[in-house]
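Chemist: What follows is a protein structure lacking sequence information:
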């Protein structure tokens, strides 16, 4: 099993191409904080990324930027240029329908693809929410596949044909994984502080793979340690150091994520869902679900289907599990 692919799939991480920015002269645009991650790929020209409380960062051709938490930000032709709210210059509409957004009055010098990544708020085990506020990967990253995909993206934008939107959306999904690969290789210390840190520890990665492969199995710390042929103390220590949680706590959270998705998306009975995530009785399952979601499973299903609102998971004290 590819553990990262599983996390992204269950977490509902989906990318879609947004506005294609064409800018020249003096220009600036800002976006308020939002609940989706923002992504930009500079295919030609330059721009400056502006975030409150941080120095502006210059973006060069081939650079890509991911803002995982959808933080307030702006793009401009130079530091200090006034930023027009995106709603005032058609930015929101362009991001929604993937159209061209023209900025500035001069000849077009800069082309940027904007994209967004949504993730399922029902699932608390997310890669995106564990990442730093800004991931900036420069074009000079050693000839990786990320460079190739950005060039392919640039060609698709320069010479759009039929199904261009389809191609762009799939390239955006590919870019996310490639960006995470390059970032984790270039910034290993930062990556260790995110969910991607599990991939750098073979013991924890193998442990998570087994838990994800068989979430309904009656795992104990002893049985998991035996599967990995290590001591329970070593497993507990390394697992907690990387994920911030004990294996049993992580497994419970993952089981409740799987259960929450099935409660929302299927008509399976509580008994069926309980068995699928390792509980032999509806009572035990309901108690665990209420403890992490602050609602009984049936109430959760009714609430989320009635108004689409997903009650946030409840985490205990201490570091949040990735």
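Modeler: Sure, I can see it. All values reported here derive from a predicted model rather than from experimental measurement.
Chemist: Just the helices from the stretch 201-322 of the chain, written as ranges.
Modeler: In chain order, the stretch 201-322 of the chain shows helices spanning 202-213, 221-228, 232-243, 247-265, 270-276, 282-293, 297-307, with DSSP state H, counting those that start in this stretch as the criterion.
Chemist: Let me know which of the ones you listed is tucked in deepest.
Modeler: For these, average neighbour numbers computed from mean count of other Cβ atoms under 10 Å are highest in helix 247-265, which has a mean of 21. The way it works is simple: take the backbone N, C-alpha and C, and place the C-beta from them, glycine included.
Chemist: Mind giving me the packing neighbours of that one?
Modeler: In terms of contacts (3 or more Cβ pairs under 8 Å, 6 or more residues apart in numbering; DSSP states H and E), helix 247-265 is packed against helix 3-10, helix 202-213, helix 221-228, helix 232-243, helix 270-276, helix 282-293, helix 297-307.
Chemist: at 6 Å what do you get?
Modeler: Contact partners of helix 247-265 among helices and strands, from 3 or more Cβ pairs under 6 Å, 6 or more residues apart in numbering; DSSP states H and E: helix 297-307.
Chemist: and the direction of the helix it packs on versus that of helix 247-265, what angle?
Modeler: Here helix 297-307 points in a direction 50 degrees away from that of helix 247-265 (axes from the mean of the first three to the mean of the last three Cα atoms, to 10 degrees).
Chemist: Report the distance from helix 297-307 to the chain centre.
Modeler: Relative to its parent chain, helix 297-307 has a centroid offset of 25 Å by Cα atoms, centre = their mean, to the nearest Å.
Chemist: now swap in stretch 155-168 and tell me
Modeler: Relative to where its chain is centred, stretch 155-168 has its mean C-alpha point 24 Å off (Cα atoms, centre = their mean).
Chemist: And it, what's buried?
Modeler: 156-157, 167-168 (16 or more other Cβ atoms under 10 Å).
Chemist: First-to-last residue distance for it?
Modeler: Using Cα to Cα, to the nearest Å, the end-to-end distance of stretch 155-168 comes to 11 Å.
Chemist: since we're on residue 123, how many residues are nearby?
Modeler: Burial of residue 123 is recorded as 21 neighbouring residues (other Cβ atoms under 10 Å).
Chemist: Counting neighbours, what do you get for residue 267?
Modeler: Look at residue 267: counted by other Cβ under 10 Å, it has 8 neighbours.
Chemist: isn't residue 95 right next to residue 18, touching?
Modeler: Yes: judged on Cβ atoms under 6 Å, residue 95 makes contact with residue 18 at a distance of 4.0 Å.
Chemist: From residue 306, how far off is residue 120?
Modeler: Separation of residue 120 from residue 306 (Cβ to Cβ, to the nearest Å) stands at 18 Å.
Chemist: Oops, could you answer that again for residue 246 instead?
Modeler: Residue 246 sits 35 Å away from residue 306, going by Cβ to Cβ.
Chemist: Residue 171 now?
Modeler: The gap separating residue 171 from residue 306 is 37 Å, by Cβ to Cβ.
Chemist: Past the lengthiest helix in the chain, which element shows up next along the chain?
Modeler: When secondary structure is assigned using DSSP state H, the longest helix within the chain turns out to be helix 164-186. Past helix 164-186, heading to the C-terminal end, the next element that is a helix or strand (DSSP states H and E) is helix 188-192.
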